[in-house]
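K.L.:
sequence plus the predicted model coming up.
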Amino acid sequence: MRGLRQRGDVIAVTILLLVLTVLPVVVVLVGSFRPLGLPLTPGWTMKHYAAIWTSPYTYQLLANTLLFSAGSTVFAMLIAGTLAWLLERTDVPGAGFFRSALIIPMFTPPLLLAMGWVLIASDKIGIVPALLRDFGIPSDFNLYSLGGMIFVQALTATPTSFLILAPVLRNMNPSYEEAAYMSGATFAQTFRKVSIPFLIPTAISLGTLLVIVTMLAFDIPAIIGMPANINVMSTEVYYLMNPASGVPSFGKSAAMNASLFLPLCGALAFYYYFTRKIDQFTTVSGKAYRARVLKLGRWKYAALAVVLSYFFVAVILPVLALLWMSLLPYFSGFNSEMFSLISLNAYAEVFQRPQVWRAAGRSLLVASVVSISLTVLSLIIGWMVVRSKWWWVKSLDIMSMIPLAIPYLMMGVALIFIALTFRGLGLYGTIWIIALGHIAVFLPISVRMMQGAVMQIHKEVEEAAFVCGANRLQIFRRVMVPLIRPSIYSLVIWVVVHSFREFSIALILRTSSNELLSTLLFSYWESGSSPVAAAISVLLMLALTLIVVIGGLFGLQGRKLD
């Protein structure tokens, strides 16, 4: 009887995963072959694909997308690799502090980072070009370019890249490098011929993951690329769904998304396969050793300057630019005469606008619902995948990874198709359709986090509780949850922060009745209300920082209780 109940639970979770991960893909693929673009409308056609792939403009979009993705991936890996090597393999001062502090940029929404850099480096209003002009120095850097997009996107991807590369450098067995030194190799030769080859497997998997992520990115292309008419595939999907006049091009949007989805599936399959094979490159054995730390000598403080430069460029400078903007009635660079114009009028205006309060309330509600739902769902899926002996249950793991290959805008388009097809659900124009999109796109990371937590708990603990008469709900509530409480706190905080900062799905699904804080911020920025937008940005970053700090305190308390 217990086995039958378990099988029923697995079937129920499988159906739910099919709805969250497979159905959105199906409706978009079917819609791309329908004349009207909606999945249940009559007829079949290839005209949408023909219109896209016979247009030279599509190939320009594809070239821009590939350059943007490849450039930001390489740049992010170079920055992260440099930081990881300095903090893990050298005696740079404050290495322990900076390892922990590198997580801070992860909580700066890319939308706000892009806005900050517009205020810093825009040729017309940027602080840096204005200062350079005051000193008679010409500035050739153009932020509104493909290079500017790559630069800012790389800054957002660096923390994640560091978290993946740093443990590899930290745990690399130094005996191989010592053998090279004993053989007469120089530092440069050892680094090139011994250290780098051990990093290649991780670099390949990381590079694949970053390519997938950056090809789906919309925040930075929207702020930096769209004003300069530098479009990528994601911005073109937005234009197709939000034309200047007329109705959305559902069919062409579906075909564009489907065309992007297929190569991303290939990249995801390669990533999944490669990470399964990565144990072939293991370099850490059971033998005790101490990692070799390079003494930098007089170059120690130069290395520290490199580390500090990243924090200055990725966090401090954009935040200061947004803060400066929020204190002025208008923005025109930086000069001493503008200190007389400083006021808190923009903040007062933010608190006086009812639409800001409504958007903030909706954002908080969506983040709360999504975090609770994902925690429960991902814990159940993670437990089933780890504990089940049925081979077909392992397919849940693969299904939960599908959203990694789904562009956020594609998920938004799919939810529009579903809402318009099944009007009786009453989803369109509500915050619940946005919450559903967040649950789907955050599912892969959530399941991975809960799987790791469940793996740390031996099944004998659950078996002992079952022998004592506990049912599965009691085992989850009184055994599993208390033991993995720190991981649950971490997941809840991660989901809440990313739900607040998520922009693409909320924008494509935006109506007057479900505006969130991120889309309202974008609206103010586009309409020229820059001081109000900057004030909201500063308040949002303070709120996210407070959430992370409170979550960290709860996590520490959970560890003490355990």
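P.N.:
Cool, got the structure.

K.L.:
please make it C-alpha for all contacts and neighbour counts, starting now.
P.N.:
OK.

K.L.:
measure stretch 499-519 end to end?
P.N.:
For stretch 499-519, the first-to-last residue distance is 12 Å (Cα to Cα, to the nearest Å).

K.L.:
what about the closest residue to Tyr144 other than its chain neighbours, distance to Leu296?
P.N.:
Excluding its sequence neighbours, the residue lying closest to Tyr144 (Cα to Cα, 6 or more residues apart in numbering) is Ile224, at 5.4 Å. Shown here: Ile224 relative to Leu296, a distance of 39 Å by Cα to Cα.

K.L.:
so the two - more neighbours on which side?
P.N.:
Ile224 (25 against 14; other Cα atoms under 10 Å).

K.L.:
wait, the more buried one sits on Gly116?
P.N.:
No. Using Cα atoms under 8 Å as the test, Ile224 is too far from Gly116 to be in contact (10.8 Å).

K.L.:
in the stretch 351-500 of the chain, which spans are strands?
P.N.:
Listed in chain order, the stretch 351-500 of the chain contains no strands at all (DSSP state E, counting those that start in this stretch).

K.L.:
repeat for the chain
P.N.:
Taking DSSP state E, the chain contains no strands at all.

K.L.:
just give the number of residues close to the residue nearest to Leu119 when sequence neighbours are not counted.
P.N.:
Excluding the flanking residues, the one nearest Leu119 by Cα to Cα, 6+ apart is Gly126, at 4.8 Å. Look at Gly126: counted by other Cα under 10 Å, it has 21 neighbours.

K.L.:
Gly126 against Gly116, yeah?
P.N.:
No. Under the criterion of Cα under 8 Å, Gly126 makes no contact with Gly116, lying 9.6 Å away.

K.L.:
break this protein down into its domains, please.
P.N.:
Listed domain ranges for the chain are 56-284+293-328, 348-562 (source: automatic domain parsing).

K.L.:
turn those domains into a markdown table, columns for distance to Tyr49 and mean pLDDT.
P.N.:
Listed next are the domains of the chain as a markdown table, based on distance: least, Cα to Cα, whole Å; pLDDT from 0 to 100:
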| stretch | distance to Tyr49 | mean pLDDT |
| --- | --- | --- |
| domain 56-284+293-328 | 6 | 81 |
| domain 348-562 | 16 | 83 |
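
K.L.:
so for Val25, which of those domains sits nearest?
P.N.:
domain 348-562 (7.1 Å; Cα to Cα).

K.L.:
chain center to that closest one: distance?
P.N.:
12 Å (Cα atoms, centre = their mean, to the nearest Å).

K.L.:
buried ones in stretch 213-232?
P.N.:
By neighbour count with 16 or more other Cα atoms under 10 Å, stretch 213-232 contains the buried residues 213-226, 230-232.

K.L.:
can you give me every residue that contacts Phe261?
P.N.:
Neighbouring residues of Phe261 by Cα atoms under 8 Å, 6 or more residues apart in numbering: 405-407.

K.L.:
only the buried members of the residues you listed: can you turn that into a ChimeraX selection?
P.N.:
Restricted to buried positions by 16+ other Cα under 10 Å, the ChimeraX selection for the contacts of Phe261 reads:
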select :405,406,407
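
K.L.:
can you put the contacts of Phe261 in JSON lines and add distance to Glu349?
P.N.:
Listed next are the contacts of Phe261 as JSON lines, based on distance: Cα to Cα, whole Å:
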{"residue": "Ala405", "distance to Glu349": "41"}
{"residue": "Ile406", "distance to Glu349": "38"}
{"residue": "Pro407", "distance to Glu349": "35"}
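
K.L.:
so which of the contacts of Phe261 is the closest to Lys252?
P.N.:
Closest to Lys252, out of all of the contacts of Phe261 and judged by Cα to Cα, is Pro407, at 15.4 Å.

K.L.:
quick check, that closest one in contact with Leu216.
P.N.:
Yes. If you go by Cα under 8 Å, Pro407 and Leu216 touch, sitting 4.8 Å apart.

K.L.:
joint contacts of those two?
P.N.:
With Cα under 8 Å, 6+ apart, Pro407 and Leu216 have common neighbours Ser234.

K.L.:
in space, what's closest to Pro329 - neighbours in sequence excluded?
P.N.:
Nearest to Pro329 is Pro531, by Cα to Cα, 6+ apart, at 6.5 Å.

K.L.:
before we move on, what about Leu516?
P.N.:
Nearest to Leu516 is Ala359, by Cα to Cα, 6+ apart, at 4.5 Å.

K.L.:
could you do Ser363 as well?
P.N.:
Leu516 (5.3 Å).

K.L.:
next one: Leu322
P.N.:
Per Cα to Cα, 6+ apart, closest to Leu322 is Ala534, 5.2 Å.

K.L.:
do Pro109 as well
P.N.:
Arg501 (5.2 Å).

K.L.:
tell me the contacts of that neighbour?
P.N.:
Arg501 touches 109-111, 518, counting by Cα under 8 Å, 6+ apart.

K.L.:
any idea how far it is from Ser259?
P.N.:
Counting by Cα to Cα - Arg501 and Ser259 are separated by 27 Å.

K.L.:
count the neighbours of the residue nearest to Gly412 when sequence neighbours are not counted for me.
P.N.:
Residue nearest to Gly412 in three dimensions, not counting chain neighbours: Ile505, with 5.0 Å by Cα to Cα, 6+ apart. Neighbours of Ile505 under the rule other Cα under 10 Å: 25.

K.L.:
Ile505 is in contact with Ile433, isn't it?
P.N.:
No. Judged on Cα under 8 Å, Ile505 makes no contact with Ile433 at a distance of 9.5 Å.

K.L.:
for the stretch 451-562 of the chain, what spans make up the helices?
P.N.:
459-467, 472-475, 481-483, 485-501, 504-508, 517-527, 530-561 (DSSP state H, counting those that start in this stretch).

K.L.:
what's the most buried one of those helices?
P.N.:
Stretch with highest mean neighbour count among these: helix 504-508 (a mean of 24; mean count of other Cα atoms under 10 Å).

K.L.:
and that one, what does it pack onto?
P.N.:
helix 408-421, helix 431-455, helix 517-527 (3 or more Cα pairs under 8 Å, 6 or more residues apart in numbering; DSSP states H and E).

K.L.:
run the last query once more with 6 Å
P.N.:
Counting contacts by 3 or more Cα pairs under 6 Å, 6 or more residues apart in numbering; DSSP states H and E, helix 504-508 packs against helix 408-421.

K.L.:
list the buried residues of stretch 246-261.
P.N.:
If you call a residue buried by 16+ other Cα under 10 Å, then stretch 246-261 has these buried ones: 248-261.

K.L.:
what's the closest of those to Ala12?
P.N.:
Phe261 (26.8 Å).

K.L.:
what's around Thr58, how many residues?
P.N.:
Quick note: Thr58 (other Cα under 10 Å) scores 17 neighbours.

K.L.:
equivalent analysis for the one 10 residues further on, please.
P.N.:
Phe68 is flanked by 25 other residues according to other Cα under 10 Å.

K.L.:
which residues does the residue nearest to it when sequence neighbours are not counted contact?
P.N.:
The shortest distance from Phe68 to any non-neighbouring residue, by Cα to Cα, 6+ apart, is to Ile150 (5.6 Å). Taking Cα atoms under 6 Å, 6 or more residues apart in numbering, we find Ile150 in contact with 68, 71-72.

K.L.:
mind doing that once more with 8 Å?
P.N.:
68-69, 71-72, 75.

K.L.:
equivalent analysis for Leu404, please.
P.N.:
Counting by Cα under 8 Å, 6+ apart, Leu404 has contacts 212-213, 268, 441, 444.

K.L.:
which one of those residues is nearest Val10?
P.N.:
Distances from Val10 to the contacts of Leu404, taken by Cα to Cα, are shortest for Pro444, at 17.8 Å.

K.L.:
quick check: the closest one touching Ser400?
P.N.:
Yes. The criterion here is Cα under 8 Å, and Pro444 meets it with Ser400 at 5.4 Å.

K.L.:
compare the two (neighbour count), which wins?
P.N.:
Ser400 (27 against 19).
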